[in-house]
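I'll drop the sequence and a predicted model, then ask my questions.
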Amino acid sequence: MGLVNALIRVTYWLIYRNLTYLAINILAMTTLIPLSLYIHFPWCIRKCPYCDFNSHALKQDLPEEDYIKALLADLQQDLSLVQNREIVSIFMGGGTPSLFSPQAIAYLLSQIKQMLPCSPKLEITLEANPGTVEQDRFKGFYQAGINRLSLGIQSFQDDKLKTLGRIHDANAAVRAVLATKQAGFTNFNLDLMFGLPKQEIDDALYDLNTAIALEPTHLSWYQLTLEPNTLFYHQRPTLPADDKIWEMQQQGQALLAKHHYRQYEISAYSREGFPCLHNRNYWEFGDYLGIGAGAHGKITDSNTQQVIRTHKAKHPKDYLDPNRPFIAGQIKVPANELSFEFMLNNLRLKQAVLFNLFEQRTFLAKTVLTASLQKATELLFIEQTRQGFQVTELGWQFLNNLMEIFLP
Ligand SMILES: C[S@@+](CC[C@H](N)C(=O)[O-])C[C@H]1O[C@@H](n2cnc3c(N)ncnc32)[C@H](O)[C@@H]1O
Ligand code: SF4
């Protein structure tokens, strides 16, 4: 009798467990994947020697009207990818979107809002260069509906700005932040870089302290990297030694934490409640439409359970050529690469990696991760929980090695 009862209990437990698992999966599959919109603006006043973004020094007048028209036509062609979803964020990046007039940005946004259903909490970011600031211009962006400004400060020291080939000096950087606040922005980011030529630890801390005093809601603090296809790659400046950069990072992180800037991603720090929703959607392997020269998109087709990557014509001349299509390429991500792609993004975030997010975004069962998770656990890179895993301090230090464990 005892044995029969035990068997019945085990059977019930197995059915219960499988049904729960099935229910979680159905829920995961039917929950909509958040959708963002990225808009690329490919011109700058001057090309910075370290920058490998798709940005071109402006040699003639800005083709503002033609470009806005092209962006809207490009979006029109992408509408079938929306699949009845609301847009959760818009990011106008570059290049230097702040070269465009507030009127052009206002028109673009009003048209987008007519074409796409937008979340009532829509985050709309515009990247601005402190060298393109006038008070009225920033007010105009605010009135156009931009509710988050991201300023490319890089440093608050004149000699560093000069080495970086920036078009602004330290005073202009501070003025740009003050103009941002005066224009009404309560949510804004400052981009800073560290590990700069001739930079000492105190210089990096000075930049952070100056930024903190200006009270941004968000700070992006990037280590300078020498990227192929940049002037710095071919005419390499001498950078601080690795141990100095390491110390800079440790002291900088401690300073930011002391001032309540929580690190939530490799290079991103925010005050409570102000992470960048747009970037977080990338790192959570959410979907995004990409319009504009060279813009990339990622779309999940829930019917075929496939992830599609798109990219648009890269050179502004080609993008604006009416005889050429906007779309320059579209690929289906092979199923065996999805785990790695998910981890490449999600492991950038400090929060735990969750199995239900993994399953929803990749359509793969968490069991495909078993061997990689075991290896990462043995190396003490992660600690596993029932819902997923948390990267350890060691794993965080060897993040690239940890990511590689998930390669197909
Ligand atoms: C596309 S730029 C946008 C801001 C705007 N174009 C500007 O520079 O003022 C985004 C940010 O990436 C960072 N960045 C660009 N190239 C980098 C590099 N080689 N290493 C580290 N950070 C870099 C800079 O902080 C820059 O502000
Ligand atoms: S202004 Fe920004 S996008 Fe333009 S070249 Fe410099 S870093 Fe790159």
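Yes, it's here. None of the values given here were measured: they were computed from a predicted structure. Ligands and ions are numbered 1, 2, ... in the order given.

return the residues of this protein in contact with ligand 2.
Contact residues, the chain versus ligand 2 (CB under 6 Å from any ligand atom): 44, 47-48, 51, 53, 55, 94-96, 129, 152. The C-beta positions use only the backbone N, C-alpha and C, and glycine is treated the same way.

of all those, which comes closest to S36?
Set against S36, the nearest of these by CB to CB is G94 (16.5 Å).

where in this structure is the helix or strand with the lowest mean pLDDT?
helix 2-30 (a mean of 55; mean pLDDT, DSSP states H and E).

from the residues of the chain next to ligand 2, which land in strands?
Residues of the residues of the chain next to ligand 2 located in strands (DSSP state E): 44, 94, 152.

near ligand 1, from the residues you listed?
Checking these against ligand 1 (CB under 6 Å from any ligand atom), the matches are 94, 152.

which one of the ones in strands among the residues of the chain next to ligand 2 is nearest ligand 1?
When those are ranked by distance to ligand 1 (CB to the nearest ligand atom), G152 comes first, at 1.9 Å.

the one residue in the stretch 301-408 of the chain that gets nearest to ligand 2: what's it in contact with?
Using CB to the nearest ligand atom, the closest approach of the stretch 301-408 of the chain to ligand 2 is made by P316 at 13.2 Å. Going by CB atoms under 8 Å, 6 or more residues apart in numbering, P316 touches 42-43, 56, 63, 67, 293.

near ligand 1, from those residues?
Applying CB under 6 Å from any ligand atom to the contacts of P316, none is adjacent to ligand 1.

now the ones in strands among the residues of the chain next to ligand 2 as TSV including pLDDT and neighbour count?
Shown next, in TSV, are these (pLDDT from 0 to 100; neighbours: other CB atoms under 10 Å):
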residue	pLDDT	neighbour count
C44	96	22
G94	95	24
G152	97	26
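
can you put the ones in strands among the residues of the chain next to ligand 2 in CSV and add distance to E378?
Listed next are those as CSV, based on distance: CB to CB, whole Å:
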residue, distance to E378
C44, 47
G94, 44
G152, 42
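
secondary structure element for the residue of the stretch 201-350 of the chain found nearest ligand 1?
Residue of the stretch 201-350 of the chain nearest ligand 1, by CB to the nearest ligand atom: Y222 (3.6 Å). In this structure, Y222 sits in strand 218-223 according to DSSP states H and E.

so for that strand, what gets flagged as buried?
Residues 218-221 are the ones in strand 218-223 that count as buried (16 or more other CB atoms under 10 Å).

so what touches stretch 386-397?
347, 350, 352-358, 373, 376-377, 379-383, 399, 402.

same thing but at 10 Å, please
By CB atoms under 10 Å, 6 or more residues apart in numbering, the residues outside stretch 386-397 that reach it are 246, 263, 266, 346-347, 349-358, 366, 369, 373, 376-377, 379-384, 398-399, 401-403, 405.
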